[in-house]
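Novice: Sequence and predicted model, in that order:
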Amino acid sequence: MPNVTANFTDSTSSDATQSLFNTLLLRRGLPMLIHQLGVKMYPLNRRSGKTMIWKRYEELAVATTPLVEGINPAGKVKTKTDVAATIQPYGDFIEDSDMVLNTLPEPHTTEKVELLGEQMGRAFDVLYRDTWASFTNITYANGSSTLTVTEPLERNDLDRAYRSLVGRNALKFTPMVMASNYVGTTPIMPAYWAMCHEDVAFDLRHFDGFVLASEYPGKGGALEGEFGADKNGIRFLSSSQGYVLTGATGVTAASTDLKNTGGFLDVYSIFVMGRDFAGGVSLAGDNGRVIVKGLDSGGTGDPLEMRATVGWKKYDARAILNQNFAQEIQCGASL
C-alpha cells in the first residue's frame, strides 16, 4: 500500500491548508430590552449640576362643608413631595494588543462596537429593572410577603393588582383598541404596561381571558417583546432578563411542579405601571457614545504603542416618581 499523507498537523496548530477562516461571526442570543418602556426621559444640561429634582404637590382634601356667610374657612396648606436622582457615569471597553491587530485576518472593529452596544443596552435594562424592584405596593401570590409566596400566578392576583392601580388613580398608557373585521381578533381595553420574566409569560398565556398579541385588532399594534394583554387592561412584555429572586436566597420551600433553585422557590416579579410612574435622566449632548483609541493614543503610558481600545460611556439616573402609579406582583412559575 503506498504511503499517502492524509493530514498535515503539528503539535501547535491545525493544518491551515485544510481550514477556512469564516469572517462572518456566529449570531448571539439577546434578551428583549423592555424595562425602560414608559419612562419619561429628562435631559440634564451640562454644567448645571448632577442632580435633578422633581416636585409634586399632593392633592387637597375635598371641601364639602358649606361656607358660613361672611366668614372665610381655614383654608388648606400645600404639601410638597420632592424626588431626586443623581446621574452617574457607566461604561466599559475592549482592549486589543498590537499583536492581535497586526496578525488577525480581520480587525472586527464593527463587531466590537456591536458587542459593546449590546452590553450597554443590557446594562441599562438591568439598572432600570432593579430600580422597579423597589416598588412599595406589592401583591403576593397566595401569601403576604416574599417568604410566604408558594404558588404560581393566579387570575385573582392580576385582578387585585389591577384594582389597586385603578383605586390609586393611576393613568393608563394605551387607549382602547377597538375590534376589527379581521377573523379571530379581540378588542383591547385601555391598559397599563407590565413587564415579566419569560417563565411567568408561559403561565399567563394559559389564563382565561388572556388575549395573545397575535389576536390584537389591526396590524403593527404590538411592541417588540409584547406577547399579550389581560382582559381587564394590562398589556404584557417579557424578557429573559425579567426580575427573579432565585431559591438560593432561601425563600419558601418549593413544590415539585414550580421553578426552584436548590429546593427553594424562585420568586418572580411582575412590574405593572401607569403613566408617569418614573423618570430617567441623561446628560444632554454627547452622551452614550462610542470611544475609539488607536495604538498611537496611549502617550507615555503606552510608549511602545502596544494597546488599542474601543469603549462606551454614558451618564444616567432613574427614579420612581410616584409609587401610587406602580404595582409589583410576586409569584412562582410553573416548570
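Specialist: Cool, got the structure.
Novice: Which stretches in the stretch 201-335 of the chain count as strands?
Specialist: With DSSP state E, counting those that start in this stretch as the criterion, the stretch 201-335 of the chain has strands at 211-212, 226-230, 234-239, 244-245, 260-261, 264-265, 267-273, 278-283, 289-293, 307-320, 326-331.
Novice: so what's the residue positioned nearest the centre of the chain up against?
Specialist: Residue closest to the mean C-alpha point of the chain, counted by C-alpha atoms, centre = their mean, is residue 35 at 2.3 Å. Applying C-beta atoms under 8 Å, 6 or more residues apart in numbering to residue 35 gives the contacts 125, 126, 128, 129, 132, 195, 239, 241, 271. Where C-beta positions appear, they are placed from N, C-alpha and C, glycine not excepted.
Novice: let's go with 10 Å and repeat that
Specialist: Contacts for residue 35 (C-beta atoms under 10 Å, 6 or more residues apart in numbering) come out as 124-132, 195, 225, 237, 239, 241-243, 271, 318.
Novice: For it, give its distance to residue 123.
Specialist: Per C-beta to C-beta, to the nearest Å, residue 35 is found 11 Å from residue 123.
Novice: Residue 128 belongs to a helix?
Specialist: Yes. Under DSSP: H, G, I helix; E, B strand; the rest coil, residue 128 falls within a helix.
Novice: I'd say it and residue 37 touch.
Specialist: Yes. If you go by C-beta atoms under 10 Å, residue 128 and residue 37 touch, sitting 9.1 Å apart.
Novice: Quick check: neighbours shared by the two?
Specialist: By C-beta under 10 Å, 6+ apart, residue 128 and residue 37 have these common neighbours: residue 195.
Novice: In terms of neighbours, single out the busier of these two.
Specialist: Legend: neighbour count by other C-beta atoms under 10 Å for residue 128 and residue 37, higher for residue 128 (21 against 17).
Novice: JSON lines please, covering the strands of the stretch 201-335 of the chain and showing mean pLDDT.
Specialist: Formatted as JSON lines, the strands of the stretch 201-335 of the chain follow (pLDDT from 0 to 100):
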{"stretch": "strand 211-212", "mean pLDDT": "92"}
{"stretch": "strand 226-230", "mean pLDDT": "95"}
{"stretch": "strand 234-239", "mean pLDDT": "97"}
{"stretch": "strand 244-245", "mean pLDDT": "96"}
{"stretch": "strand 260-261", "mean pLDDT": "92"}
{"stretch": "strand 264-265", "mean pLDDT": "92"}
{"stretch": "strand 267-273", "mean pLDDT": "97"}
{"stretch": "strand 278-283", "mean pLDDT": "96"}
{"stretch": "strand 289-293", "mean pLDDT": "90"}
{"stretch": "strand 307-320", "mean pLDDT": "95"}
{"stretch": "strand 326-331", "mean pLDDT": "98"}
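Novice: That's all I had, so thanks and see you.
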